[in-house]
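Enquirer: turn this into a model:
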Amino acid sequence: MTLELATAGESHGPALVAILSGLPAGLTLDRDAIDADLRRRQQGYGRSPRQQIETDEVEVLAGLRHGRTLGTPLALVVRNRDHKNWTWGMNPWRPTGEPEGKGTKAVTLPRPGHADLAGVQKYGLADVRDALERASARHTAAHVAAGAVAKALLREIGVEVAGSALPEAGADPETVDAARKDKDTLGGVVEVRATGVPPGLGSYARREDRLDARLAAALMGIQAVKGVEVGDGFALAHVRGSEAHDEIVRDERGLHRETNRAGGIEGGMSNGEEMVVRAAMKPLPTLMKPLGSVDLDSGEPANALVERSDVSAVEALAVVAEAVVAWELARVAKEKFGGDAVGDFVAGWRAYVERIDWTAR
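Expert: Residues are numbered from 1 along each chain as shown. As a prediction, the model looks like this:
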């Protein structure tokens, strides 16, 4: 059984929900480790004041007993503490009494660069808030919680995943301060590295099974990500083949490459080297000095919606990217090694790496 993830929840609704199925029984989870990743997602220079309101913590409703998975669906919840200010505006049921708090007025000013306009057109909505609440990056908290579980599974077979923001403008305090002063926003680039990944995860047999394609889809599924590369990626388009590929050598470490321009993936499969992927994030679309838009009610030109937003969220993206890469790696590992119990999963991995005579580097 493969791993599957379903998430639900709106930015200012009561909570975010993640349901993970296909996990083997007997996997030990550490609540503090999951909460630590949730806190990492909220940090970073340039985040909005909302991060001071939310104190993300995971709750488990099903699938776990005494800290160990049961092999049944695992239900995780992250409460939206800010919901108390939106109780009327984001009530799941038809609210009673006089409107109060936030979200009481319909939003009719879609933001350029956001899902606002296409969302209301696609779903036939009258209030942009019905689209923007789910399209918000707030729901990545559920993916980070799921990613923390995936990392626990990967550690059983010696795989470690870590994301970081590259030293670009979006993560530089001086540049962030300048953008904040101008009421503007920034983007940036993040990198995720995975060590201990054995060769042969993924497949060339079908395009939907290619590991690079699956990772690209996972990363492109994160809000504001507009580009993904594996290894040297786009730079490889500008060199000759003799400079692009990683020669194979054999020594006391066995078969391996001494360079890693491929980023640990060849032919849609991991090749045993460190896996390296990057994602490029566009500047955030909610501006304190809004761009031009059109009022959907009147049809007249107007400025776009202004709502509390980050100036930069590149460091947060690094945590989310780490989580989705970990989840996809856990999926392909589970498909490869199987097992209804953690011991079976590890035994499948051990038998495989012994057969191919591979040692993690």
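
Enquirer: and the nearest residue to residue 227 once chain neighbours are set aside, how far is that from residue 137?
Expert: Spatial nearest neighbour of residue 227, chain neighbours left out: residue 280 (3.9 Å); criterion: CB to CB, 6 or more residues apart in numbering. Backbone N, C-alpha and C define where each C-beta goes, glycine included. Distance, residue 280 to residue 137, using CB to CB, to the nearest Å: 15 Å.

Enquirer: ditto for residue 196
Expert: In terms of CB to CB, residue 196 sits 29 Å off from residue 137.

Enquirer: cool, and residue 164?
Expert: From residue 164 to residue 137 the distance is 18 Å (CB to CB).

Enquirer: repeat for residue 294
Expert: 24 Å.

Enquirer: between the two, who's got more neighbours?
Expert: Neighbours were counted for residue 294 and for residue 137 using other CB atoms under 10 Å; residue 137 has more, 18 against 15.

Enquirer: skipping adjacent residues, who's closest to that one in space?
Expert: residue 223 is the one closest to residue 137 (CB to CB, 6+ apart), at 4.1 Å.

Enquirer: for the one you found, helix, strand, or coil?
Expert: Assigned with DSSP: H, G, I helix; E, B strand; the rest coil, residue 223 falls in the coil class.

Enquirer: got the contact list for it?
Expert: Contact partners of residue 223, counting by CB atoms under 8 Å, 6 or more residues apart in numbering, are 135, 136, 137, 140.

Enquirer: now, which of these lie within helices?
Expert: Counted as lying in helices by DSSP state H, out of these, are 135, 140.

Enquirer: show me where this protein has helices.
Expert: Using DSSP H, helices in the chain cover 31-42, 50-53, 116-123, 129-135, 140-155, 173-181, 211-220, 241-244, 314-337, 342-355.

Enquirer: in the chain, which helix or strand is least confident?
Expert: The helix or strand of the chain with the lowest confidence, counting by mean pLDDT, DSSP states H and E, is helix 50-53 at a mean of 57.

Enquirer: any idea how far the residue positioned nearest the centre of the chain is from residue 147?
Expert: Centroid-nearest residue in the chain: residue 320, 3.5 Å away (criterion: CA atoms, centre = their mean). Going from residue 320 to residue 147 by CB to CB gives 8 Å.

Enquirer: just residue 59 next, same as before
Expert: For residue 59 relative to residue 147 (CB to CB), the value is 17 Å.

Enquirer: and residue 259, by the same measure?
Expert: 29 Å.

Enquirer: so between these two, which is more surrounded?
Expert: residue 147 (30 against 13).

Enquirer: what distance do you get for the closest residue in space to that one that isn't next to it in sequence to residue 105?
Expert: Once flanking residues are discounted, residue 147 sits nearest to residue 323: 2.4 Å by CB to CB, 6+ apart. Distance, residue 323 to residue 105, using CB to CB: 34 Å.

Enquirer: pick out whichever of the two has more residues nearby.
Expert: Ranked by neighbour count (other CB under 10 Å), residue 323 and residue 105 place residue 323 first, with 31 against 10.

Enquirer: burial measure for the nearest residue to residue 107 once chain neighbours are set aside, as a count.
Expert: With CB to CB, 6+ apart as the criterion, residue 107 has its nearest non-adjacent residue at 3.9 Å, and that residue is residue 128. Other residues near residue 128 come to 24 when the count uses other CB under 10 Å.

Enquirer: wait, residue 35 sits on residue 57?
Expert: Yes - Residue 35 is within contact range of residue 57, at 5.3 Å (criterion: CB atoms under 8 Å).

Enquirer: thanks a lot, catch you later.
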